[in-house]
Structures are given as structure tokens and as C-alpha cells.
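Participant: kindly return the folded structure for what I paste below:
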Amino acid sequence: MTEPDLFAEAAAELYTADPDQFIERRGVLAARARAAGQAPAAKRIAGLRKPTRSAWVLNQLVRAAPGVPSELTSLGRELRAAQRSLDGAAIRELSVRRHRLIESLARQAFTGAGLRPPRSGMR
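Facilitator: Model prediction:
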């Protein structure tokens, strides 16, 4: 297996798995790469940073629903255009859509990660 493949597989495993296991698993994967004679891959694996819990939850959401980033980007673009043109009705309508989308994505993200969604004030 090539160094890029070994690194990509290790990164995918680490960023998909429970972050509480990240440090231990990263060490195992780096050691496995070293044992396979892939020192550059081992170094890159060992350099991977543990995600925060919130980053991990978002990673799980994007893996489960890959269209989420483009959906958010599109809505943001529409909102910016409405703000530039000072279209109050469009701004209000898009703000409501944004709020609903974020609420929906938050519920989806926490459910997909097996976590209880926090109260709305915490989100």
C-alpha cells in the first residue's frame, strides 16, 4: 500500500471513529505504518490532530449528508445578495429559512452522532 493510501485510510478511520479513542488509535495506526516501512505516512498520521467534539459531530453530519455544505453555501449566497440589494422581504424570508435549516441540521447531526441535542440556547 502506498504512503498516500495508508495515510488516507488512517485519517478516514480516525475522523470517523469516536474522538475519545482518537489518541490511542492514532498511535496504533502510526506504529502500524512504521512497521510497514512507511515512515513518512507514520509521521503524517502521528501529526493528525484530534477533533473537538463539535467538529467531530459536524464531520459525521457531512459524511452522512454530503450535500449539506453546498446547501448552506447556497443559502448564504442568497442571503448576501438580498442584503446587498436591501430587499427586506427576502432577508426576512431567507433568515427564517436559515434558522429552520440550522435547527434541522443540528438535530440531524446530534442524532447521527448518537448524542442528545442540546437545548436551543446552547446551540
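Participant: buried stuff in the lengthiest helix in the chain?
Facilitator: Determined from DSSP state H, the single longest helix within the chain is helix 88-112. If you call a residue buried by 16 or more other CB atoms under 10 Å, then helix 88-112 has these buried ones: 91, 94, 105-106, 108-110. Using the backbone N, CA and C atoms, a C-beta is placed for each residue, glycine as well.
Participant: which one of these is nearest Leu29?
Facilitator: Ala109 (25.7 Å; CB to CB).
Participant: give the contact list for the closest one.
Facilitator: Contacts for Ala109 (CB atoms under 8 Å, 6 or more residues apart in numbering) come out as 57-58, 60-61.
Participant: of those, closest to Thr16?
Facilitator: Gln60 (7.8 Å).
Participant: run the chain-centre distance for the host helix or strand of that closest one.
Facilitator: Using DSSP states H and E, the element containing Gln60 is helix 53-64. From the chain centre to the centre of helix 53-64 is a distance of 4 Å (CA atoms, centre = their mean, to the nearest Å).
Participant: so which elements touch that helix?
Facilitator: helix 3-16, helix 68-84, helix 88-112 (3 or more CB pairs under 8 Å, 6 or more residues apart in numbering; DSSP states H and E).
Participant: after the first one, next one along is what?
Facilitator: The element immediately downstream of helix 3-16 (helix or strand, assigned by DSSP H and E) is helix 22-35.
Participant: now do that following helix: which elements does it pack against?
Facilitator: Helix 22-35 packs on helix 3-16, helix 39-46, going by 3+ CB pairs under 8 Å, 6+ apart.
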